[in-house]
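1. show me how the following folds:
(one chain, ligands or ions: 2)
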Amino acid sequence: MYLKNAWYVAAWSNELDQELMTRTILEKPVLLYRKENGDPVAMGNLCPHRFAPLHMGKRIGDTVQCGYHGMVFGESGKCVLNPHHGGVISPAMKVHSYPVIERNSLIWVWTGDEDAADPALIPDFSCYSADGFETIGGVMDVQANYELITDNLLDLTHADFLHEGTLSSDAITISKLETIEAGGTVWANRWCPDGIAPPVWGQLMQSQMGFDLSQKIDHWLYMRWDAPAHLLLDVGISPLGKPREDGVWVYTGHHLTPVSPTRTLYFWSIVRNHGLNDPEVDAFWKGSIEFAFNGQDKPMIEAQQAAIGNTDVNDLRPVAIPADVAGGRARRALARQIANEVKGIKPESGASPLDELLKKSAGSYAPVLPVV
Ligand code: FES
Ligand SMILES: [Fe+2]
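-> Ligands and ions are numbered 1, 2, ... in the order given. Alright, predicted model coming up:
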C-alpha cells in the first residue's frame, strides 16, 4: 500500500548533477537530473515510443534525447523534437512530469496529483543545516517493505538485542515509552536517566569530551514519524543531570522510499553536535551506520520479509507487546491517510504544534511530552 499524494526522497542533493540518473519510486522508474541553472528535474524514465530508459540517452541543453530513436523531451515531459516523419509531435509523445523540490540537502519528488503538490507537506528537517551541527548522509538498498523498517525505527527496544555491544542498553528496554499523535505526526519517546553509557555513545563521550565512563549518564531517544515514512530521531547522552548541549547530541534522519512492495531505498543521515569538520568523526559515524544499520538491522529486516513473503505482517496476527504501540499508531495513521486519499480527502499536514514544543525543549534534558 502506498500513499501517492506525498513527497518521497529521490536522492541526496550531492548525488544529483547534470548527468542523467534514475531511481524507482512506487514501482515507477523516474529520470533525475539538474538543469544548466542547477534546478532539479524529475520525469518518467520510459520513452513512450518503445519504452527505452531515457537515462540511457543524452542531455541536449536542458532537454533529454532518447538514446534509441532520438525523440527529445523537455523538462515538462513533453516531446519537443521528433526526428521522424517530418517531425510530427502527437499529444501522446510525453512522459510524466513530477513536481520536485530541493530542500534540506535532499531531492523530494511528489508522486500524486500535481494540483495537490504542497511544499508545506514536507516534514521539517531543518536540523540538517542547524548552526553548531554537521550532517553526513547515505543511502541503502533494502530488500524489504518500507513499513517493516518503520516498525524497526519506532521500536528501539531492539537495540539491546540486535545491536548488542554497540547501541545496547537494557535501560531502553525497561524505559517507559511515550507515544503521542498530533495531526499526521506520531512520536515515540524514551527517556533513560541515571544509567551507564551504551558502548558506542560512551566511546564518543570519552574521545570527544574526555568523559569518565564510570560516571552516570542520561540517555534520550525521541523518534518522530511523518507519513509516508520520514523519521527523525533526537538522540544522545549527557552527563547525569546536564543539558543536551553538554553531551553527545545527534539527530538521525530516516527517509524510506518504496521501490516495490518488498524493496526500499533507505536514505539515512547523522546530524551531530561534536567533532565538527573532523574526518575521523565522519568515519566513526559512517562505520557505526555500516555496522549497525547495514550489518544488523538490514539483514534482520530482510530475513523477516523473506519469512513472511508477500503477506502483510498484520494479516499473520502477530503477538503484540507494549513496545509495538508507536509502530501500530504509525501504521494506522498511514492506512487512514491512504484510505482518505482514495476518497479524495486532502492530505494531512505533518506540521505539528509539537515541533515548536520540542524546539523549546532542546536545551533541556527532561522529557517534555505527556505519557499516553
Ligand atoms: S524508444 Fe525512444 S525514441 Fe524510440
Ligand atoms: Fe536498529
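2. spit out the contact partners of the residue nearest in space to the middle of the chain.
-> Central residue of the chain (Cα atoms, centre = their mean): H255, 0.8 Å from the mean position. Residues near H255 by Cβ atoms under 8 Å, 6 or more residues apart in numbering: 8-9, 106, 229-231, 266-268. All C-beta spots, glycine's among them, are computed from the backbone N, C-alpha and C.
3. among those, which lie within strands?
-> 8-9, 106, 230-231, 266-268 (DSSP state E).
4. now do the SS call for I289.
-> Three-state call for I289 (DSSP: H, G, I helix; E, B strand; the rest coil): helix.
5. wait, it touches W268, no?
-> Yes. Between I289 and W268 there is a contact at 6.3 Å, judged by Cβ atoms under 8 Å.
6. find residues that contact each of those two.
-> Common neighbours of I289 and W268, using Cβ under 8 Å, 6+ apart, are G138.
7. name the residues of this structure found near ligand 1, please.
-> Contact residues, the chain versus ligand 1 (Cβ under 6 Å from any ligand atom): 47, 49-50, 52, 66, 68-71.
8. kindly reformat those residues as CSV containing secondary structure, distance to D246 and neighbour count.
-> Output for the residues of the chain next to ligand 1, formatted as CSV (DSSP: H, G, I helix; E, B strand; the rest coil; distance: Cβ to Cβ, whole Å; neighbours: other Cβ atoms under 10 Å):
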residue, secondary structure, distance to D246, neighbour count
C47, coil, 57, 25
H49, coil, 62, 16
R50, coil, 62, 10
A52, coil, 58, 17
C66, coil, 58, 23
Y68, coil, 60, 15
H69, coil, 64, 13
G70, coil, 63, 15
M71, coil, 61, 24
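9. and the gap between G295 and ligand 1?
-> Distance of G295 to ligand 1, computed by Cβ to the nearest ligand atom, to the nearest Å: 41 Å.
10. what pairs with the longest strand along the chain, parallel or antiparallel?
-> Ranked by number of residues, the top strand in the chain under DSSP E is strand 248-260. Strand pairing for strand 248-260, using DSSP bridges, gives strand 230-239 (antiparallel), strand 263-272 (antiparallel).
11. of all these, which one is nearest M140?
-> M140 lies closest, by Cβ to Cβ, to one member of these: strand 263-272, at 4.4 Å.
12. next one: the closest one to chain centre, how far?
-> Chain-centre distance of strand 263-272: 5 Å, with Cα atoms, centre = their mean, to the nearest Å.
13. hey, C-alpha coordinates of it in CSV?
-> The C-alpha trace of strand 263-272 is given here as CSV (Å, rounded to 0.1, in the frame of the first residue of the first chain):
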residue,chain,number,x,y,z
ARG,A,263,12.2,-3.2,-1.7
THR,A,264,13.1,0.2,-0.2
LEU,A,265,15.6,2.9,-0.7
TYR,A,266,16.6,3.9,2.8
PHE,A,267,18.1,7.5,3.0
TRP,A,268,19.9,8.0,6.3
SER,A,269,21.6,10.9,8.0
ILE,A,270,23.6,11.7,11.1
VAL,A,271,23.5,15.3,12.3
ARG,A,272,26.0,15.8,15.2
